[in-house]
Structures are given as C-alpha cells and as structure tokens.
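1. My questions concern the predicted model and sequence given below.
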Amino acid sequence: MDEETFFLWGPRQTGKTTLLRARYPDSLWIDLLKAEEYRRYIEHPEWLRQEIDKLGVSPHVVIDEVQKVPHLLDEVHWLIENRGMRFALCGSSARKVRRGHANLLGGRAIRRELFGLTSAELGEDFELDRLLNHGALPRHYLSDRPHRLLDAYVSGYLKEEVAAEGLVRRLPTFSAFLEVAALSDTELVNFSSIARECGVSNQTIRAYFQILEDTLLATWLPAYQKRPKRRVIRSPKFYFNDLGVVNFLARRGELRQGSELYGKAFESWCLHELRAYNAYTEAYAELSYWRLASGIEVDFIINHMQVAIEAKSARKIQSDHLKGLRHLREDHPELGRCVLLCLEDKARKTPDGIEILPAADFARRLWDGEIF
C-alpha cells in the first residue's frame, strides 16, 4: 500500500476503479457514483470522520469520484492530520475541485494520472493500426465494434460530466463545439474561427476548451520558446487524449496508412506514449513542440533540447521528412538526440546522426528508458 495519500486522475473508463479495487481490496471504499452515498456525504461530509471513528477501519480509505463532493476533502485533511489516515482519491475531473476552491490537502497528497492503454501494457497484443482507429481506452481497444461504445462514451460525457455538473448553459452548443474542436486535433487552435462556426463568443470557446482540459478529455502541448534565433510560434497545440474519441467526433472513418489523418493519429499516439511514460516513471520531463513562423516544425521536444522527436507515418523516410530536425539543430546547436519515429522496418541512423526508429522499436526503447 502506498505510504502517501494521492489523487488519481484519469479520463472516464481508463480503468481507475478497476486498478484501485485490485490494488486495495481490503480498504474502506466510498463510491460517490452511488446515489445514496452521494446524497449522504453531500449533505453531511462530517459523517466520513464519524463513520471512520465508529468502524475503526484500517488507515487506508478509497474515495471514488471525489470531485462530486469536494467538501469531503476538508474531512480527509483532518483525518490525515489527526488519525494518520491515508487515502486514494480518484476522479475523472479536477474542475469542480480546483474551481470550487476545495481543499487540495496543502501538499499532503501527490498527483497521479492514469492514461489509456500503452504499448508497454499491451505487450504482444499491441497493434498500432487498431489503437489508432479504436483508441486506447480498454473497452474500446478490445472491441471489434467500438463505434457503439464511443457513441455511448460521448453521450455519457455530455450527460454525466458536462450537464450534471452544470459546466455549460447550452448543452447542444457545447455538443456542436466538440465536433468542431475535433478538427483542431494536433493543431494550433483558431478560437475566432471556431467561435464564428459555433455562433458564440471567443471567450465562450476558450471556456469550452478549458472544460475539455479540466475533464481530462484533452490537453495542450506548449511551444518551446527559449533562446530562439528565428521567429517561433508561441501558441500551444491542442490534442484530444484519446484517438477513438477524436475519430468518432470528427467522423474520420477507418484510418489507413498513407493518409493525412493516419499521420495526425500517429503523431497523437506518440504524445500519448510520451505523456504516459513521463507520468508512470516519474521522469518529470518537460514536453513541448518547436515551430518556426514559416511552418517548419518538430513535433516533440524533451526538456531543454535533450531530445527532439518527429513523428512521420511514412514507410520510407525521405530527406524532406528530416527538414524540421535539421533546422532545429541549426537554431539549437546544444540539441542532444534527434529521433524520427516512422513505419520503416528497421532502425538506422543517417550520416548526420538522426536516428530513424520504427514505431515498435521506438516504443520499446521509450519504456526501457532509452529515449529519456
């Protein structure tokens, strides 16, 4: 059992509850998805302390969907301080906790994240084309008919995460926004254009994107801006956190190798692996991207030019595919490794030192700790 209290955040259906039940089978379990438990604790959060004192339970407690009753965190704080209790606090949205100024336990709880399935977890069952089409959520990846599950997932998100929590005033507008936002996946976001298309203000669209981030449906990748020699883009790039969800929202159909949409999904998968590895191994690396105003870019920068990674879903790498990495090295001579992730069959290195790595080879080296 972990010695410290922790928050475990992750998108819906990543398997947070399953993981915690397997890891902490003998702990007291409070499931705020149950209507009766939700009603009890939202009306009387102090009952948590009283019931624990009465039951004399072990010093470990799991609270599932803790964001539904943020005031419980005051009781959690008291129990940590005065009873030496330890908690696993699980949720799919930090929005209500953060924006409601709830007690975040004053540094007494560490933050953990659970992502969709990774190549390392799937092992021999990892199929890149399947993951790029189905997404990394366990049920969707394993299903032969994920479209129905994705439809239910998005509907459930709108009903249970957005409407039930009162995050927006007009649900149909937000639902339409989701489909438009999906077209910005892996791209810089034009808020004004999306606002015009959805018929709302720029401020509203920015708030909608913040909801996607707070509910862990999407993330932003910042631009690398340190010591530029030429004018660089400073805006972040936007990514949905699951490929199945964005494929469904954007109505992409089946993604096939060689298409532009397959290339976007390939880039998104690379970020998924990097973020999961970074979180699970507690590497604490800074992830960013680099792009010149001319449009030349490199997909991922690790820390301060420790590693640069470009994702190209090509079966044969040409000189043009290496242009971004070479321009980056000109602007940043301190750059360490240059890696190009692709679909070639064998790993190799160009005469100027750029590593060409097939997807499976890259994934293995990443999880073996050989990339960073």
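-> Sure thing, it's come through.

2. okay, CA-based contacts and neighbour counts for the rest of this
-> Fine.

3. how far does the helix or strand hosting Phe87 sit from the chain's center?
-> If you go by DSSP states H and E, Phe87 is part of strand 86-91. The chain centre lies 19 Å from the centre of strand 86-91; the measure is C-alpha atoms, centre = their mean, to the nearest Å.

4. Do a quick rundown of the strands in the stretch 1-150 of the chain.
-> 5-9, 28-31, 60-64, 86-91, 109-113 (DSSP state E, counting those that start in this stretch).

5. My guess is Leu325 contacts Val298. True?
-> Yes - Leu325 lies in contact with Val298 (C-alpha atoms under 8 Å); the separation is 6.2 Å.

6. list the buried ones in stretch 156-169?
-> 157-158, 161-163, 167-168 (16 or more other C-alpha atoms under 10 Å).

7. Equivalent analysis for stretch 141-155, please.
-> For stretch 141-155, by 16+ other C-alpha under 10 Å, it's 141, 146-147, 150, 153-154.

8. Mind exporting the C-alpha coordinates of it to PDB?
-> C-alpha atoms of stretch 141-155 as PDB (Å, rounded to 0.1, in the frame of the first residue of the first chain):
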ATOM      1  CA  TYR A 141      -9.400  -1.000 -27.900                       C
ATOM      2  CA  LEU A 142     -10.500  -4.600 -27.300                       C
ATOM      3  CA  SER A 143     -13.900  -4.300 -29.000                       C
ATOM      4  CA  ASP A 144     -14.400  -5.300 -32.600                       C
ATOM      5  CA  ARG A 145     -17.200  -2.800 -32.900                       C
ATOM      6  CA  PRO A 146     -16.000   0.300 -31.000                       C
ATOM      7  CA  HIS A 147     -18.300   2.800 -32.700                       C
ATOM      8  CA  ARG A 148     -21.300   2.000 -30.500                       C
ATOM      9  CA  LEU A 149     -19.100   2.200 -27.400                       C
ATOM     10  CA  LEU A 150     -17.700   5.600 -28.500                       C
ATOM     11  CA  ASP A 151     -21.200   6.900 -29.100                       C
ATOM     12  CA  ALA A 152     -22.200   5.900 -25.600                       C
ATOM     13  CA  TYR A 153     -19.000   7.300 -24.200                       C
ATOM     14  CA  VAL A 154     -19.500  10.800 -25.700                       C
ATOM     15  CA  SER A 155     -23.200  10.800 -24.800                       C
END
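
9. Would you mind finding the most buried of the strands of the stretch 1-150 of the chain?
-> strand 86-91 (a mean of 23; mean count of other C-alpha atoms under 10 Å).

10. re earlier: mind picking the two most distant members of the buried residues of stretch 156-169?
-> For the buried residues of stretch 156-169, the maximum inter-member distance is 12.7 Å, found between Tyr157 and Val168 (C-alpha to C-alpha).

11. Looking at the buried residues of stretch 156-169, which is nearest Asp352?
-> For the buried residues of stretch 156-169, the nearest to Asp352 is Tyr157 (47.8 Å; C-alpha to C-alpha).

12. so is that closest one in a helix, a strand, or just coil?
-> Assigned with DSSP: H, G, I helix; E, B strand; the rest coil, Tyr157 falls in the helix class.

13. How much space separates it from Leu20?
-> Taking C-alpha to C-alpha, to the nearest Å as the criterion, Tyr157 is separated from Leu20 by 22 Å.

14. So what angle separates the directions of the strand holding Phe87 and strand 109-113?
-> Strand 86-91 and strand 109-113 meet at an angle of 40 degrees, taking axes from the mean of the first three to the mean of the last three C-alpha atoms, to 10 degrees as the criterion.

15. Just the residues contacting strand 86-91, thanks.
-> 3-10, 16-17, 59-67, 76, 80 (C-alpha atoms under 8 Å, 6 or more residues apart in numbering).

16. Thr14 reaches Gly135, doesn't it?
-> No - counting by C-alpha under 8 Å, Gly135 is not a contact partner of Thr14; they are 11.0 Å apart.

17. more crowded one of the two?
-> Gly135 (28 against 19; other C-alpha atoms under 10 Å).

18. okay, the more buried one: pLDDT?
-> We have a pLDDT of 98 for Gly135.

19. Pull the contacting residues for the nearest residue to Arg49 once chain neighbours are set aside.
-> Nearest non-adjacent residue to Arg49, counting by C-alpha to C-alpha, 6 or more residues apart in numbering: Glu75, 6.3 Å away. Listed by C-alpha under 8 Å, 6+ apart, the contact partners of Glu75 are 45-46, 48-49.

20. lowest average confidence, helix or strand, in this protein?
-> helix 95-99 (a mean of 67; mean pLDDT, DSSP states H and E).

21. what residues are up against Leu32?
-> Contacts of Leu32 (C-alpha under 8 Å, 6+ apart): 38, 63-66, 68-69.

22. And for it, nearest residue in space, chain neighbours not counted?
-> Distances taken as C-alpha to C-alpha, 6+ apart place Tyr38 nearest to Leu32, at 4.8 Å, with adjacent residues excluded.
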